[in-house]
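Colleague: I would like the atomic coordinates for the input below:
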Amino acid sequence: MAESGNRQIRLQKFLAEAGVCSRRKGEDYIRQGLVRVNGETVTRLGTTVDPETDRVEVSGRPVYPPRKEVYIMLHKPAGYLSTCSQPGRKIVLDLVDTDQRVFPVGRLDKDSTGLLLLTSDGRIHHRLAHPSFDHEKQYIVTVGRSIADADLEKLESGVALSDGMTRPATILRRSKTAFSIILQEGRNRQIRRMAEALGYAVKSLHRVRMGPLYLKDLPAGRWRHLTAAEQRELLRSCGL
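Modeller: Numbering: from 1, shown residues only. The predicted structure is shown next:
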């Protein structure tokens with residue numbers, strides 16, 4: 001317990017952030033002598049605490065700081081499954097080192113590569129999977145033969161699949177056999193099925209963007225934590 005410091009926050013704010021009560025109710029608890037810090041009863045509203053080191057109790061029950069969520073960007077290489085458990089198979093969690101449990105959001109199939117988000121924040125999975133949020137995902141696709149302009153236009157306007165017509169997409173040709181596609185939906189193996197419906201076999205599928213997140217020059221098989229700015233943009237895009 002201390003009066004000031006870079007990591008110090010007011011005790012009533014700590015109680016509110018920990019989900020114990022509102023700040024105003026926290027002030028009442030402090031005045032009533034219900035709050036102890038490091039074994040000492042605290043009644044002064046100006047008291048500050050370090051959430052990481054000070055032990056706080058309310059009515060004898062310990063109060064823990066809110067968990068810091070983890071947000072990781074991984075450049076998924078081919079051959080890894082976007083799953084949390086698959087005995088005997090290589091999974092994306094084998095590639096990251098974090099003490100907190102994370103799970104992949106926006107799966108890539110085993111043969112696909114590129115940007116994969118892993119997080120401990122369950123809200124992100126729900127929001128990114130929900131169609132009402134219209135999160136864009138951008139891929140670089142290479143097919144086995146030259147693709148006609150007319151077929152690129154079909155991919156852009158929509159392709160009839162077994163589970164219905166695909167939504168309009170944004171297409172940009174990159175070469176005779178490669179194109180960029182931006183989708184706002186995420187059906188199972190959607191791009192591969194769209195190409196197959198037009199008679200093309202996908203040779204490589206590489207995701208370069210998810211919403212506000214860009215893979216850029218992160219090497220294959222490597223990962224990093226999102227920057228503070230990226231976290232803010234991700235949460236904002238999810239309405240959080």
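Colleague: which residues make contact with the lowest-mean-pLDDT helix or strand in the chain from outside it?
Modeller: The least trusted helix or strand in the chain, going by mean pLDDT, DSSP states H and E, turns out to be helix 122-129, with a mean of 82. Contact partners of helix 122-129, identified using Cβ atoms under 8 Å, 6 or more residues apart in numbering, comprise 71, 103, 105-106, 117, 119, 133, 135, 186, 210-211, 234-235, 238-240. Quick note: C-beta positions are derived from backbone N, CA and C, even for glycine.
Colleague: low-scoring stretches of this protein, by residue?
Modeller: For the chain, the stretches with pLDDT under 70 are 1-6, 130-133.
Colleague: Give the next helix or strand downstream of the strand of greatest length in the chain.
Modeller: Across the chain, the longest stretch assigned as strand under DSSP state E is strand 202-210. Next along the chain after strand 202-210, taking DSSP states H and E as the criterion, comes strand 213-214.
Colleague: Note down every partner strand of that next one and its orientation.
Modeller: Looking at strand 213-214 with DSSP bridges, its partner strands are strand 202-210 (antiparallel).
Colleague: Can you give me the buried ones in the strand it pairs with?
Modeller: Under the neighbour-count criterion of 16 or more other Cβ atoms under 10 Å, strand 202-210 has 202, 204, 205, 206, 207, 208, 209, 210 buried.
Colleague: how distant is that strand from the center of its chain?
Modeller: Computed by Cα atoms, centre = their mean, to the nearest Å, the chain-centroid distance of strand 202-210 equals 18 Å.
Colleague: contact partners of it?
Modeller: For strand 202-210, contacts defined as Cβ under 8 Å, 6+ apart pick out 106, 108-109, 111-117, 128, 135-144, 177, 182, 191-192, 195-196, 214-215.
Colleague: which parts of stretch 215-222 are buried?
Modeller: Buried residues in stretch 215-222, counted by 16+ other Cβ under 10 Å: residue 215.
Colleague: CA-only coordinates of that stretch in PDB, if you can.
Modeller: What follows is stretch 215-222, C-alpha atoms only, in PDB (Å, rounded to 0.1, in the frame of the first residue of the first chain):
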ATOM      1  CA  LEU A 215       0.400  -9.600 -41.100                       C
ATOM      2  CA  LYS A 216       3.000  -7.400 -42.800                       C
ATOM      3  CA  ASP A 217       6.500  -8.900 -42.500                       C
ATOM      4  CA  LEU A 218       6.100 -11.300 -39.600                       C
ATOM      5  CA  PRO A 219       8.000 -14.500 -40.600                       C
ATOM      6  CA  ALA A 220       6.200 -17.800 -41.100                       C
ATOM      7  CA  GLY A 221       6.000 -19.800 -37.800                       C
ATOM      8  CA  ARG A 222       6.700 -16.700 -35.700                       C
END
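Colleague: residues near residue 238, how many?
Modeller: Neighbourhood size, residue 238 [other Cβ atoms under 10 Å]: 19.
Colleague: Skipping adjacent residues, who's closest to it in space?
Modeller: Spatial nearest neighbour of residue 238, chain neighbours left out: residue 127 (3.8 Å); criterion: Cβ to Cβ, 6 or more residues apart in numbering.
Colleague: do residue 42 as well
Modeller: Leaving aside its chain neighbours, residue 42 sits nearest to residue 35 (5.2 Å; criterion: Cβ to Cβ, 6+ apart).
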